[in-house]
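> sharing a model prediction with you, sequence too.
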Amino acid sequence: MRLKGAILLILLWYLVSAFTELPHPHEVAETFFILLFNSEPVLGKTLVQHAAASLLRVLTASLLAFSIAIPLGIVSALNRTLAEIVTPMVEALRPIPPLAWIPLAYVIFAPLPNTVQVSQIFIVFVGAFFPCFVSVFDYSRNVPEELLEMARVFKAPERLILRDIVLLHSLQGVVSGVRIGLGVGWMSIIAAEMIATSGEGLGYFIMVMYEVGGRTAEIVAGMAMIGVIGYLMNTLLLKAEKLVMPWR
Amino acid sequence: MALTVEGLKKSYGNLKVLDGVTFSVEEGEFVCLIGESGCGKTTILKIIAGLERPDEGRVDFKGVNRMGFVFQDDRLLPWKTVYGNIQFALKAMGIEDGEVVRRIIDFVGLKGFENYYPKQLSGGMRQRVGIARALAVNPDLLLMDEPFASLDARTRERMQEELLRIVGGKTVVFVTHSIDEAVYLADKIVILSPRPARVIRTVEVSLPKPRDRASQEFAEFRRELYRSFDLYGRK
């Protein structure tokens, strides 16, 4: 079934290529495999190098976002006063797509020597933070009442309830929050790289390939790389989920 | 007398659930509370366990320091193994003794399943873990809320047989809506009216244990109990 889908996609691709500027699949495949490990002359970097640069930015910013979102999510879920302060702030900022922050970020961080990097980290941070926070907050807040009642019957002290029930239930929220957050972060970095001169990165590569004269095979090869990495990240994290939570 | 329940009344808003429930439990006695679904049986257990307060009435204990509770739904922690779930009850008491956990696991027939997660177990096995968890605290009073209601008929009968062996000699209050189950397990049956619950009748079950479900005496006892229900229904 999967194979049939892939074949159909490639046939459709050829069909569209026949009538538009879209390069043919075999051209893209050729460019993709050449550029994977051979430098593309304009920027002097391979696709793998560009991907690594983007990935590094995403991981840095996401880790930063998660290290705040996870504890904040859990603590806000347990503390009503904090929840009343944090929730409206999150609800106000969350609907703004991270991409909408791009122009403002470049202006705000302009006084800094490394404006571009800081802005990109900031944008990915925004992208990764909210989905992670919401997921952790929701799970931590909705610990099944039946389990808490069970704990009360056995006269479990608060500390044990927190450790053996609340935190372990929140773990599901942490795990999906990290996966969704990284996904959004990955989309955000590509967009952020397109706006400014980043030197390297998949978004920057695609934009430059466009600016030097619409080199569509390179552009689509870059897009393919984005897809491959996004897919790999998701698959790896799903596998990690099974390791972290063997009971599911 | 291990436990005396006297004149319990409880309403949720306008819904009257308990209307003066009175009964007593001797030490070492297996008492079944029997009544229709939704008649307030669970509420009585929750009041005994201290999870809810009655509007009126009182519960007196004598020689009861620890209570074990077995729930209808197993209420196991999905992220803990069989071992971890049983250990939870001990940790709640501040005891970290692996030997007790292992002994209980053996006792309820879960040997070899220590490291299984609840999801990997059948319904009957999960209830065994629930019973083991309640027994781990070495309770003076064991409260059981329709623990076998969701099991298939065969598993259910086997669990009833084993339960008598497992809890032998403990004071038990066991809630059920099955007359058969009550006649098989109980030393004393407390028959409750439909909501709001009141005690219609208290019956001592004199049949010797283990009981033979196919025997004449068993059948007669059952018929007798059905009649108690019917009489009430006609009023």
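Received the coordinates, thanks. Numbers count the residues shown, from 1 in each chain, chains lettered A, B, ... in the order given.

> would you mind writing the CA trace of stretch B:128-136 as CSV?
Taking C-alpha atoms only, stretch B:128-136 is exported to CSV below (Å, rounded to 0.1, in the frame of the first residue of the first chain):
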residue,chain,number,x,y,z
ARG,B,128,-5.5,-10.2,41.8
VAL,B,129,-3.0,-7.4,41.9
GLY,B,130,-5.7,-5.1,43.4
ILE,B,131,-6.4,-7.7,46.1
ALA,B,132,-2.7,-8.2,46.7
ARG,B,133,-2.2,-4.5,47.1
ALA,B,134,-5.0,-4.3,49.7
LEU,B,135,-3.6,-7.3,51.6
ALA,B,136,0.0,-6.0,51.5
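
> gap between it and the chain center?
The chain centroid and the centroid of stretch B:128-136 are separated by 12 Å, computed with CA atoms, centre = their mean, to the nearest Å.

> what's in contact with it?
Surrounding stretch B:128-136, the residues in contact under the criterion CB atoms under 8 Å, 6 or more residues apart in numbering or on different chains are A:154, B:68-71, B:74-76, B:82, B:85-90, B:100-101, B:104-105, B:107-110, B:118, B:121, B:142, B:144, B:147, B:159, B:163, B:166-167. All C-beta spots, glycine's among them, are computed from the backbone N, C-alpha and C.

> next step: those residues restricted to helices.
B:82, B:85-90, B:100-101, B:104-105, B:107, B:159, B:163, B:166-167 (DSSP state H).

> closest to B:Glu27 among the residues you listed?
For the ones in helices among the contacts of stretch B:128-136, the minimum distance to B:Glu27 (CB to CB) is 13.4 Å, reached by B:Val167.

> now the closest one: closest residue in space, sequence neighbours ignored.
Ranked by CB to CB, 6 or more residues apart in numbering or on different chains and with sequence neighbours excluded, the top spatial neighbour of B:Val167 is B:Leu142, at 6.0 Å.

> helices or strands up against the one helix or strand A:Gly127 maps to?
Using DSSP states H and E, the secondary-structure element containing A:Gly127 is helix A:115-141. Contacting helix A:115-141 under the criterion 3 or more CB pairs under 8 Å, 6 or more residues apart in numbering or on different chains; DSSP states H and E are the following elements: helix A:47-78, helix A:80-93, helix A:102-108, helix A:167-195.

> quick one on the thing from earlier: just the buried residues of the contacts of stretch B:128-136.
The neighbour-count criterion (16 or more other CB atoms under 10 Å in any protein chain shown) marks A:154, B:68-71, B:74-76, B:82, B:85-90, B:100-101, B:104-105, B:108, B:110, B:118, B:121, B:142, B:144, B:147, B:159, B:163, B:166-167 among those as buried.

> how many residues are close by the nearest residue to A:Gly214 once chain neighbours are set aside?
By the measure of CB to CB, 6+ apart, the closest residue to A:Gly214 outside its immediate chain neighbours is A:Glu21, 7.4 Å from it. The tally of other residues near A:Glu21 (other CB atoms under 10 Å in any protein chain shown) stands at 8.

> which SS class is A:Glu21?
State at A:Glu21, reduced to three classes by DSSP: H, G, I helix; E, B strand; the rest coil: coil.

> circling back to that earlier point, reformat the helices and strands packed on helix A:115-141 as TSV; add mean neighbour count and mean pLDDT.
Formatted as TSV, the entries for the helices and strands packed on helix A:115-141 read as follows, by neighbours: other CB atoms under 10 Å in any protein chain shown; pLDDT from 0 to 100:
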stretch	mean neighbour count	mean pLDDT
helix A:47-78	20	95
helix A:80-93	12	93
helix A:102-108	16	91
helix A:167-195	22	93
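
> what are the phi and psi values at B:Ser150?
In terms of degrees, to the nearest 10, the main-chain angles of B:Ser150 are phi -100, psi 10.

> so it is in contact with B:Phe71, correct?
No - contact between B:Ser150 and B:Phe71 fails when scored by CB atoms under 8 Å: they sit 10.7 Å apart.

> I'd guess A:Trp247 is in a strand, am I close?
No - for A:Trp247, which was evaluated using three-state DSSP, the result is coil, with no strand membership.

> these two touch, right, B:Lys188 and B:Val203?
Yes - under the contact definition of CB under 8 Å, B:Lys188 touches B:Val203, with a separation of 6.9 Å.

> now the common contact residues for these two.
Here B:Lys188 and B:Val203 share no contacting residue, scored by CB under 8 Å, 6+ apart.

> the residue nearest the centre of chain B pairs with what?
When chain B is reduced to its mean C-alpha position, the closest residue under CA atoms, centre = their mean turns out to be B:Met144, at 2.1 Å. Assessed by DSSP bridges, B:Met144 has beta-bridge partners B:Val70, B:Phe174.

> just checking, it touches B:Val173?
Yes - contact status for B:Met144 versus B:Val173: in contact at 7.1 Å, counting by CB under 8 Å.

> which residues in chain B form strands?
Per DSSP state E, chain B has strands spanning B:3-12, B:15-25, B:30-34, B:56-61, B:67-70, B:141-145, B:171-176, B:188-192, B:199-204. These are given in chain order.

> what parts of chain B come near chain A?
Residues of chain B lying near chain A by CB under 8 Å from any CB of the partner chain: B:49, B:51, B:67, B:69, B:71, B:73, B:75, B:77-81, B:88-89, B:91-94, B:117-119, B:133, B:137.
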